[in-house]
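Predicted model, plus sequence, below.
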Amino acid sequence: SIPLQHGAHRSGNRTDADMARWRSLRFGQFVHWGLYAIAGGEWNGKIYNGAAEWIRSWKEMPTAVYDQLYKQFNPVNYHPEQWAQQAKDMGAGYMIITTKHHDGFCLWPSKYTRYTVAASPYKKDIIGPMVEAYNKKGIDVYLYFSIIDWNHPDWRTSLKTPADSAAYKRFKVFVKNQLTELLVKYPTVKGFWFDGTWDDSWKNDGAFSDELEQYLQKLHPGLIIGSRLRADERGARHFDSNNHLMGDYEQGWERKLPEQPADVHGNDWEGVMTIPENQWGYHAHWLGHIKSSNELIEMLVKSTSLGGNFVLNFGPKADGTFRSEEVQRMQEIGNWMKVNGSAVYGASEAGLGKPDWGYYTRRGDSVFMVVFNVPVSGNLRVKLPAKTTLAEASASGQPVTPELIGKNEYFIPVGNAPRHAPFVILLQTSRAAGAEGGHFEKAK
Ligand SMILES: C[C@@H]1N[C@@H](C(=O)NCc2ccccc2)[C@H](O)[C@@H]1O
């Protein structure tokens, strides 16, 4: 293997309590909120068909115009306790909030730049009350922070001249100062969700990203930081030049999910997803496919079945309210989670493969069959490992009688389970005496 100073410093998943909690929560809420919500994906009667939070890069909108939007930021209908309650009702265990997106506008009154809420008509800190409100509902908070900062004079996408290098050196001090400020001001946050780390300036400075991560861990022990922050000294990102995952979980699954265990190599991972095809910030005109709650529930269950977390994104309007499609999804998903959340919370891969009728998840000896596709036979085929016996099966607390159809193979009748939404069948299994270790195959 290649000798590395700034590659992965740990092999295998973290086993501490903070990471175990992150892993058990399984379901998060992403919130993208900022000046881009004022534009709402349109300008001068024209619709921007890119991602709303990237509108500053749209040639139809002068950057000088975008950079004045902060003078209109005044979310009079922003009630963080209502945001937190609706997230709780959805069943989210953690929330990720954009403190600063690529445009550089800070939702907290940073003392390292004037481009913050303090300069807006709203004046007040957005982040503090949000962290407090979500924590009060028992929801952990993670801070999204973009390294890319289109507003800061010292930001560079690449270093071409000594002047670039001098500027970028100042920029790195600014980044470290802002991250320190965030941890000091909001000490209950559980981690950072870094973004905007793909440009050469950052990619070619693996030493800094490594030192920064270690500095933050020292400042706030237990902090959870994904793989997107880091580059190694050869410019490799997420996985170092020896193919070892950097950071605490694989953070590359953006608007896409792994298909099979081999795609995640036994690592902790998290997928982040939009309800429309590709909008994170508020866009007045959602074009293309808008995912239904059943589609989103399936993504959440699929993620759990592959041992990862699933984070669903919401883009509040400039005034602090949520669009009706997003409120509807939070309510519908929440209704399902209230009844079936046990198949997700604290659950992980079952090691039983991928059945036609849906997904297996598992917590200890409890195996959950989450059914999305009812077979015309009305029977769900279940094949258990040799040393595993099926003690009992139940659906919504009512016993179900499996039919033994072969060695350790059963048909579970779906009976009169609902057909309009996914449903869960619980299999209580037991390890036959002497069954070594995990009686279920471990992901390779
Ligand atoms: C979480 C999302 N990440 C931001 C983004 O720029 N994604 C585009 C992108 C996604 C993956 C690799 C490079 C660039 C989007 O604006 C959202 O904040």
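Arrived safely. Numbers count the residues shown, from 1 in each chain.

Quickly find the element holding the spatially most central residue of the chain.
The chain has V311 as the residue nearest its centroid, 3.5 Å off, counting by C-alpha atoms, centre = their mean. V311 belongs to strand 309-314 when assigned by DSSP states H and E.

Please name every helix or strand in contact with the helix or strand following that strand.
Using DSSP H and E, the helix or strand that follows strand 309-314 in sequence is helix 324-340. Other helices and strands packing on helix 324-340, by 3 or more C-beta pairs under 8 Å, 6 or more residues apart in numbering; DSSP states H and E, are helix 80-90, helix 293-305, strand 309-314. Using the backbone N, CA and C atoms, a C-beta is placed for each residue, glycine as well.

Just name the most buried of the ones you listed.
Across those, the average number of neighbours (mean count of other C-beta atoms under 10 Å) peaks for strand 309-314, which reaches a mean of 24.

ok now it, how far from the chain's centre?
5 Å (C-alpha atoms, centre = their mean, to the nearest Å).

likewise stretch 76-94?
Using C-alpha atoms, centre = their mean, the offset of stretch 76-94 from its chain centre is 16 Å.

what mean pLDDT does it have?
For stretch 76-94, mean pLDDT rounds to 99.

Can you get me the start-to-end distance on that stretch?
25 Å (C-alpha to C-alpha, to the nearest Å).

what's that stretch in contact with?
Residues external to stretch 76-94 that are found in contact with it (C-beta atoms under 8 Å, 6 or more residues apart in numbering): 22, 24-29, 31, 95, 122, 126, 129-130, 132-134, 136-142, 190, 312, 316, 319-322, 327, 330-331, 333-334, 337-338, 341, 345.

Can you turn the buried subset of these into a selection I can paste into PyMOL?
To isolate the buried members of the contacts of stretch 76-94 in PyMOL, using 16 or more other C-beta atoms under 10 Å:
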select buried, resi 22+25+26+27+28+29+31+95+122+126+129+130+133+134+137+139+140+141+142+190+312+316+320+321+322+330+333+334+337+341+345
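
ok, the strand holding V311: who's next to it in the sheet?
strand 27-31 (parallel), strand 269-273 (parallel) (DSSP bridges).

right, and these - which one's nearest the ligand?
strand 269-273 (5.7 Å; C-beta to the nearest ligand atom).

Other residues contacting that closest one?
For strand 269-273, contacts defined as C-beta under 8 Å, 6+ apart pick out 28, 30, 96, 226, 249-251, 253-258, 291, 296, 299, 303, 306-313.

ok, back up a step: could the helices and strands packed on helix 324-340 go into CSV alongside distance to Q178?
Formatted as CSV, those follow (distance: least, C-beta to C-beta, whole Å):
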stretch, distance to Q178
helix 80-90, 21
helix 293-305, 31
strand 309-314, 23
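
which one of those lies closest to the ligand?
It's strand 309-314; of those, that one is closest to the ligand (C-beta to the nearest ligand atom) at 7.4 Å.

Give me the mean pLDDT for the closest one.
On average, strand 309-314 scores 99.

can you list the residues that contact it?
Defining contact as C-beta under 8 Å, 6+ apart, one finds that strand 309-314 is touched by 22-23, 25-32, 92, 96, 249, 257, 268-275, 280, 296, 299-300, 303-304, 322, 326, 329-330, 333.

try 6 Å this time
Residues from elsewhere that reach strand 309-314 (C-beta atoms under 6 Å, 6 or more residues apart in numbering): 26-28, 30-31, 270-274, 280, 299-300, 303, 326.

list the buried ones in the host helix or strand of N177?
Per DSSP H and E: N177 is located in helix 162-185. Buried residues in helix 162-185, defined by neighbour count with 16+ other C-beta under 10 Å: A167, Y168, F171, K172, F174, V175, K176, Q178, L179, E181, L182, L183.

Just the mean pLDDT for it, thanks.
Mean pLDDT, computed over helix 162-185, is 98.

mind saving the C-alpha coords of the next helix or strand after it as PDB?
Once the chain leaves helix 162-185, the next helix or strand it forms, by DSSP H and E, is strand 191-195. Taking Å, rounded to 0.1, in the frame of the first residue of the first chain, the C-alpha atoms of strand 191-195 are listed here in PDB:
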ATOM      1  CA  GLY A 191     -21.300  17.000  13.800                       C
ATOM      2  CA  PHE A 192     -20.600  18.800  10.500                       C
ATOM      3  CA  TRP A 193     -21.900  18.000   7.100                       C
ATOM      4  CA  PHE A 194     -19.300  19.500   4.800                       C
ATOM      5  CA  ASP A 195     -20.000  20.300   1.100                       C
END
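
what angle sits between the helix or strand hosting N135 and helix 80-90?
Assessed by DSSP H and E, N135 sits inside helix 127-136. Counting by axes from the mean of the first three to the mean of the last three C-alpha atoms, to 10 degrees, helix 127-136 points 40 degrees away from the direction of helix 80-90.
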